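Engineer: this one's structure only:
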């Protein structure tokens, strides 16, 4: 029987690790490219043969809203998982480095881009001279856009401070501003719609961001028994978040599409088609989450659930991109 020298075994292990890292890097780049293509190319596909007209620059606006939503998910998830990790018995003291400062910078730039669109009368500005900054203070949408810009700026300062937990306040301001923007005062029962959107956005951001940071933490805690406890705590919360996202999503849909027109509008309108794509993706996310929980119950430990959980993160990233596209498309017709 021929024994493999220890040096060869170590070299093989390093080679496998490098290949795995390369595969992960390529997968991330592919997913980022896909997430960018969805809001850029999605409007033309969703609007085809519907007879609807989209606002100018709808693809760019969808990209900016996708970045804005992602910038909310990252810090919300980090803050939440850090609280969960602090309650896990015998948890290692190490935590992954924070991505919140980068998320705040990306969110600030996205909010600034959206504010410039509002400042030109919801048109894409082609030169700085077209941007009426003072006009932002005179309209509701302009004030909300400025609030988001300032909130991301404060968020970045909080993320770099000694008390990053203070990010929760500017994050809350962004979520409320987005909910108010989506439900103007001319809408029927705008406060109900705003409340539903706040819950939907907050629960969705917690789900996406917390899962991402939890998996990053498990990778850092490799081999630690506390990893399974952390994943179990997250799984229990995720079940509640899924129920809340589903309930608020269905309710919001029925408010914008009367029950007797839902099936038709899901295929005949751009908003409905995009919403249908989001529902299908969410069904896939739910199946991946169930698969991860089943694997975790059969073989306790993070490695058993890591593969479907990372796949869940990837699909949730696509869901964020589709959500950004959804906010840029014409609202459905109430018949």
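Structural biologist: Received, thanks. Just so it is clear, the model here is predicted, and its values are computed rather than measured. Residues are numbered from 1 along each chain as shown.
Engineer: so where's the stretch 151-300 of the chain shaky on pLDDT?
Structural biologist: Along the stretch 151-300 of the chain, the model assigns pLDDT under 70 to residues 185-186, 223-224, 298-300.
Engineer: ranges for the helices of it?
Structural biologist: Ranges of helices in the stretch 151-300 of the chain, per DSSP state H, counting those that start in this stretch, are 168-182, 190-220, 226-256, 262-268, 270-298.
Engineer: including distance to residue 120 and mean neighbour count, could the ones you listed go into JSON lines?
Structural biologist: Every residue, glycine included, has its C-beta placed from N, CA and C. Listed next are the helices of the stretch 151-300 of the chain as JSON lines, based on distance: least, CB to CB, whole Å; neighbours: other CB atoms under 10 Å:
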{"stretch": "helix 168-182", "distance to residue 120": "17", "mean neighbour count": "20"}
{"stretch": "helix 190-220", "distance to residue 120": "25", "mean neighbour count": "21"}
{"stretch": "helix 226-256", "distance to residue 120": "27", "mean neighbour count": "17"}
{"stretch": "helix 262-268", "distance to residue 120": "31", "mean neighbour count": "15"}
{"stretch": "helix 270-298", "distance to residue 120": "23", "mean neighbour count": "18"}
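Engineer: could I get those helices as JSON lines with distance to residue 324?
Structural biologist: Output for the helices of the stretch 151-300 of the chain, formatted as JSON lines (distance: least, CB to CB, whole Å):
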{"stretch": "helix 168-182", "distance to residue 324": "11"}
{"stretch": "helix 190-220", "distance to residue 324": "12"}
{"stretch": "helix 226-256", "distance to residue 324": "15"}
{"stretch": "helix 262-268", "distance to residue 324": "19"}
{"stretch": "helix 270-298", "distance to residue 324": "10"}
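Engineer: residue 119 is nearest to which of those?
Structural biologist: Evaluated over those, closeness to residue 119 peaks at helix 168-182, with 14.5 Å, by CB to CB.
Engineer: the closest one packs against which elements?
Structural biologist: Packing partners of helix 168-182 (3 or more CB pairs under 8 Å, 6 or more residues apart in numbering; DSSP states H and E): helix 58-86, helix 140-160, helix 190-220.
Engineer: can you put those in CSV and add distance to residue 43?
Structural biologist: Formatted as CSV, the helices and strands packed on helix 168-182 follow (distance: least, CB to CB, whole Å):
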stretch, distance to residue 43
helix 58-86, 5
helix 140-160, 20
helix 190-220, 21
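Engineer: so which of those gets nearest residue 134?
Structural biologist: Of the helices and strands packed on helix 168-182, nearest to residue 134 by CB to CB is helix 140-160, at 9.3 Å.
Engineer: which residues does the closest one contact?
Structural biologist: The contact list for helix 140-160 (CB atoms under 8 Å, 6 or more residues apart in numbering) reads 68, 71, 75, 98, 100-101, 103-105, 107-108, 111-112, 114-115, 118-119, 122, 135-137, 164, 166-167, 169-171, 173-174, 177-178, 180-181, 184-185.
Engineer: which entries within those meet the buried criterion?
Structural biologist: 68, 71, 75, 98, 100-101, 103-105, 107-108, 111-112, 114-115, 118-119, 136, 164, 166-167, 170-171, 173-174, 177-178, 180-181 (16 or more other CB atoms under 10 Å).
Engineer: which among the helices of the stretch 151-300 of the chain is found nearest to residue 313?
Structural biologist: Nearest to residue 313 among the helices of the stretch 151-300 of the chain is helix 190-220; the distance by CB to CB comes to 5.4 Å.
Engineer: now the angle between helix 168-182 and the closest one, please.
Structural biologist: 140 degrees (axes from the mean of the first three to the mean of the last three CA atoms, to 10 degrees).
Engineer: same for helix 190-220, what does it pack against?
Structural biologist: Using 3+ CB pairs under 8 Å, 6+ apart: helix 190-220 touches helix 58-86, helix 168-182, helix 226-256, helix 302-328.
Engineer: possible to save the ones you listed as a markdown table with distance to residue 144?
Structural biologist: Formatted as a markdown table, the helices and strands packed on helix 190-220 follow (distance: least, CB to CB, whole Å):
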| stretch | distance to residue 144 |
| --- | --- |
| helix 58-86 | 12 |
| helix 168-182 | 5 |
| helix 226-256 | 19 |
| helix 302-328 | 13 |
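Engineer: closest one to residue 196 among these?
Structural biologist: Nearest to residue 196 among the helices and strands packed on helix 190-220 is helix 226-256 (4.8 Å), distances taken as CB to CB.
Engineer: for that closest one, packing partners?
Structural biologist: helix 58-86, helix 190-220, helix 270-298, helix 302-328.
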